[in-house]
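Novice: here are the coordinates; sequence isn't available:
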């Protein structure tokens, strides 16, 4: 047997996590602004984009099918190329009369391909890196995932607005340019990864699909036998619940008319604030949190991480209450919430990897944990459009504050089954 030369993680971890972040951000955050600009009612598009992100909650089932065919490396670059084609298809469907339905179908394909990509990438990350390296690179993971967020939620939204106001493009044409850029990015990244990803071997699998489903049964039973598992599941479900609730509404609040409780910013201003100030703060928060956790361990840091994560909701409430008109004030709020958000988001990822996943079915159990977090985002997001319409922005963000109390309370008491690397 030939010993494989290990590739330096820096050559593939950043680009791969960037490609993991982009579809997620496009389908959850950017889609809100995109559909709003194209005249789709809020309650309608938030509901359907909630459905679209469900493939991220089906990871356990998808991961079983994936174990039957192919290697993780193949899944990663092939799904990137599929996403490139689907974004290209969106470009051509925008001018058509029934574009909403068609775009939802292509977004569904991007979501399926994106969730498959996530499973393969997290699997490769855990397979190729030891625990210490995993913690060290968790900041890089988060940072590049969020550079995708900056690009999409900042740069692309800015571009969509600028093309309309400065270049006289129609809304449809400006969003066609944005979707073409996404298609190009996935094409380039897919080809890059074809050459740069570490080569892995197909896992030795025995048995067909029905045997695999039986195996899944026993993996699920094994999962629910874990110590403190119900506590962990409730904690994971609640960690991002309020975020799913406000995630699609916050950009609409920034753009909303002052008379309706919004801040009346343009696409360019929304993109600029998110894309510069917000993203720098986010990345700083992520990287600092990675170092902080690798120093003190997850057990000592979890409560702080959860509190930092929830700063965002207090900022939203203050912005809705005071409705500041100065761009600087709004930007400072966004900097604060993004720093806390970046700092705290690491907590959930590492909690699932280190407390829920360990054991013989690590990859699948890690997928179970992440699926549950995504399910909570999807479910709370589906209701968000209708609720924000009926409560108004202020009442809506007040409700979000109530929703964060349980996760903060649970974080204080959460029992640990596995020692952190700092305690070992």
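Specialist: Thanks, I have the structure now. Computed from a prediction, not measured in an experiment: that's the story for all the values here.
Novice: the helices in the stretch 51-200 of the chain, which residues?
Specialist: Using DSSP state H, counting those that start in this stretch, the helices found in the stretch 51-200 of the chain span residues 59-68, 72-93, 99-128, 131-149, 157-165, 171-196.
Novice: next up, the contacts around residue 326.
Specialist: Taking C-beta atoms under 8 Å, 6 or more residues apart in numbering, we find residue 326 in contact with no residue. Quick note: C-beta positions are derived from backbone N, CA and C, even for glycine.
Novice: list phi and psi for it.
Specialist: Here is the backbone geometry of residue 326 (degrees, to the nearest 10): phi -70, psi 130.
Novice: roughly how far apart are it and residue 406?
Specialist: Relative to residue 406, residue 326 is positioned 34 Å away (C-beta to C-beta, to the nearest Å).
Novice: what's the answer for residue 122, then?
Specialist: Distance, residue 122 to residue 406, by C-beta to C-beta: 27 Å.
Novice: which one's more surrounded, the two?
Specialist: More crowded of residue 122 and residue 406, by other C-beta atoms under 10 Å: residue 122, with 24 against 16.
Novice: next, count neighbours for the residue nearest to that one when sequence neighbours are not counted.
Specialist: Of all residues not flanking residue 122 in the chain, residue 366 sits nearest, at 6.1 Å (C-beta to C-beta, 6 or more residues apart in numbering). A count of nearby residues for residue 366, using other C-beta under 10 Å, gives 25.
Novice: which strand or helix spans residue 366?
Specialist: Taking DSSP states H and E as the definition, one finds residue 366 inside helix 362-413.
Novice: what about that helix, average pLDDT?
Specialist: Here helix 362-413 scores 91 as its mean pLDDT.
Novice: in this structure residue 109 contacts residue 87, no?
Specialist: No. Using C-beta atoms under 8 Å, residue 109 makes no contact with residue 87, being 9.8 Å away.
Novice: of the two, who's got more company?
Specialist: The neighbour count for residue 109 versus residue 87, taken as other C-beta under 10 Å, is higher for residue 87 (26 against 18).
Novice: ok, that one - contacts?
Specialist: Remark: with contacts taken as C-beta under 8 Å, 6+ apart, residue 87 is in contact with 106, 110, 179-180, 182-183, 186.
Novice: measure it to residue 364 for me?
Specialist: Per C-beta to C-beta, residue 87 is found 29 Å from residue 364.
Novice: for residue 68, same thing?
Specialist: 13 Å.
Novice: cool, and residue 62?
Specialist: For residue 62, the distance to residue 364 (C-beta to C-beta) stands at 11 Å.
Novice: test my guess that residue 34 contacts residue 176.
Specialist: No. With the criterion set as C-beta under 8 Å, residue 34 and residue 176 do not qualify as a contacting pair; they are 11.1 Å apart.
Novice: looking at the two, which one has more neighbours?
Specialist: When neighbours are counted by other C-beta under 10 Å, residue 34 comes out ahead of the other of residue 34 and residue 176, with 25 against 20.
Novice: tell me which residues in stretch 60-76 are buried?
Specialist: By neighbour count, with 16 or more other C-beta atoms under 10 Å as the criterion, the buried positions of stretch 60-76 are 60, 62-64, 66-67, 71-76.
Novice: cool, thanks, signing off.
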